[in-house]
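Visitor: Curious how this folds, go ahead:
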Amino acid sequence: PALRGGAAHERAPPIEAVLLLEFQGDATFESDDPALEINETAPTIEAEITARPAPMLSVHSHVIGESVRDPDPFEDTFFDEVGVFVETLQVEYGTESFGVRAGKFNPPFGVGWDLLPGLYGSDFADDYELTEQIGFGARATLDGGDFGTHALGASAFFADTSVLSDSALTSRGRLRRSDGGPANTGDPASFVVTLDGIDLAWISGLGYHAAISRQRPGEGDTATER
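Guide: Next comes the predicted model:
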């Protein structure tokens, strides 16, 4: 996303929708705590819809349906406690060399949660993924020819405490300012700065991602997370 430019928007259809379905079952068959010996079967349903009212302008939404509550001790679950929530809802404007966005989005910190292989690759890495933040961001892209394409990006944000932080069907609970936590400040005082590159040194697909984040503490917290 950090390297996507206006030309891609010009070639894309005016409305695009993608639906992803995933079903996963986990069984803990032996544990020192018998309460944890449970079977969990749950779906993950993701719907991405992008509308492009103008060549360089797009509105993007990402809606997820998944289990939003942990199972009770000793209790097996089968498609239980499924909630539906809006993970992103943002407006983007972009050209070949520059782009801006605003709304509810996932600040682009890290890539392991998206690229690691294996069934549980994303599960282990998503602890540091930043999601469901409200704010704005910008990126500048430079085409270096044989030296690859590089993009510098920056985002300022705060945790979503609006009605969109809750979920339908099964409520996961609306986030409140009083809950505290990183970036839960009510103003865009937290930020991420990124530098990305692809197709380096004449090797198609070779790239890098470097990022730094700072999340200001919410109510009741004292430490800034870096």
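Visitor: do you know how far residue 210 is from residue 27?
Guide: With distances defined as Cβ to Cβ, to the nearest Å, the gap from residue 210 to residue 27 amounts to 39 Å. (Each C-beta comes from the backbone N, C-alpha and C, glycine too.)
Visitor: What of residue 17?
Guide: When distance is defined by Cβ to Cβ, residue 17 is 34 Å away from residue 27.
Visitor: got it, and residue 134?
Guide: Distance from residue 134 to residue 27, counting by Cβ to Cβ: 38 Å.
Visitor: Identify the residues contacting the spatially closest residue to residue 198 that is not a sequence neighbour.
Guide: Spatially, and ignoring its direct neighbours in sequence, residue 198 is nearest to residue 207 (3.9 Å; Cβ to Cβ, 6 or more residues apart in numbering). Residues counted as contacts of residue 207 (Cβ atoms under 8 Å, 6 or more residues apart in numbering) are 148, 196-200.
Visitor: Next: residue 88.
Guide: Going by Cβ under 8 Å, 6+ apart, residue 88 touches 60-62, 103-106, 132.
Visitor: Can you list the low-confidence ranges for this structure?
Guide: Per-residue confidence for the chain (pLDDT under 70) gives these ranges: 1-11.
Visitor: what are the ranges of the helices in it?
Guide: If you assign secondary structure with DSSP state H, the helices in the chain sit at 6-11, 112-115, 121-125.
Visitor: Residue 161 and residue 184 touch, don't they?
Guide: Yes - with contact taken as Cβ atoms under 8 Å, residue 161 and residue 184 are classed as touching, separated by 7.0 Å.
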